[in-house]
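Asks: here are the coordinates; sequence isn't available:
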């Protein structure tokens, strides 16, 4: 029931949510780069995010979909010249907009049991909080790549500037863990 209520509200109100978010961005003193975008372009970006939330809920709310979408947003925004702090604030404003809308829409919250209220909170927070994490990963990974391409830094310097281990993908982490375990087993690492 909770998913269905959120899906219906999103489906019927994506445009309104996008407009509310764009107005928040335009009013924010922290969004100098976003202010350079037209209101129409801001609304379009907000609409894409809320459409992605809608799609995510309709397809079962799998975290892998959040990872793919937001990781790409991080990579795209750094290449567009957006500071990470503004991207994160934009995501915060989208979450705030969604919460404001959910609280205002009685059909979502009306007659929900406490457990269902917690579920609504968890669903929305999960989407935006995971989104924040993957935006940062996408952004930092792209920054790492750009810095490496300049040739101005050694790998060791880049490791000090940006924690390279945090940028490794899961396959590399599993390989590192396997190699470490193997080294321990063979007595090469103590």
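Replies: Sure thing, it's come through. Just so it is clear, the model here is predicted, and its values are computed rather than measured.

Asks: In this structure, where's the longest helix?
Replies: helix 114-150 (DSSP state H).

Asks: Sort out which residues of the following helix or strand past that helix are buried, please.
Replies: Using DSSP states H and E, the helix or strand that follows helix 114-150 in sequence is helix 155-161. For helix 155-161, the neighbour count (16 or more other Cβ atoms under 10 Å) marks residue 158 as buried. Just so you know, the C-beta spots here come from the backbone N, C-alpha and C atoms, and that holds for glycine as well.

Asks: Tell me which other helices or strands helix 155-161 touches.
Replies: The contact analysis (3 or more Cβ pairs under 8 Å, 6 or more residues apart in numbering; DSSP states H and E) places helix 155-161 against helix 114-150.

Asks: Recalculate using a threshold of 10 Å.
Replies: Packing partners of helix 155-161 (3 or more Cβ pairs under 10 Å, 6 or more residues apart in numbering; DSSP states H and E): helix 114-150, helix 164-167.

Asks: Deepest in the core, which of the ones you listed is it.
Replies: Among these, helix 114-150 has the highest mean neighbour count (mean count of other Cβ atoms under 10 Å), at a mean of 16.

Asks: contacting residues for the residue most central in space within the chain?
Replies: What sits nearest the mean C-alpha location of the chain, by Cα atoms, centre = their mean, is residue 131, with 2.0 Å. By Cβ atoms under 10 Å, 6 or more residues apart in numbering, the residues touching residue 131 are 49, 52-53, 56, 66-67, 69-71, 73-74, 88, 91, 94-95.

Asks: Of these, which pair is most distant in space?
Replies: Largest separation among these by Cβ to Cβ: 56 and 88, giving 19.5 Å.

Asks: More neighbours: the two, which one.
Replies: residue 56 (21 against 17; other Cβ atoms under 10 Å).

Asks: Leaving out the residues flanking it, which one is nearest to the more buried one?
Replies: The shortest distance from residue 56 to any residue other than its chain neighbours is 5.4 Å, reached at residue 65 (Cβ to Cβ, 6 or more residues apart in numbering).

Asks: same deal with residue 63?
Replies: residue 130 (6.0 Å).

Asks: Could you report the separation of that neighbour from residue 61?
Replies: According to Cβ to Cβ, to the nearest Å, residue 130 and residue 61 sit 10 Å apart.

Asks: cool, residue 67 as well?
Replies: Distance, residue 67 to residue 61, by Cβ to Cβ: 13 Å.

Asks: Please apply the same query to residue 125.
Replies: Residue 125 is 12 Å from residue 61, by Cβ to Cβ.

Asks: got any residues that touch both of the two?
Replies: Joint contacts of residue 125 and residue 61 (Cβ under 10 Å, 6+ apart) do not exist.

Asks: I figured residue 43 hits residue 15, correct?
Replies: Yes: between residue 43 and residue 15 there is a contact under Cβ atoms under 10 Å: 7.9 Å.
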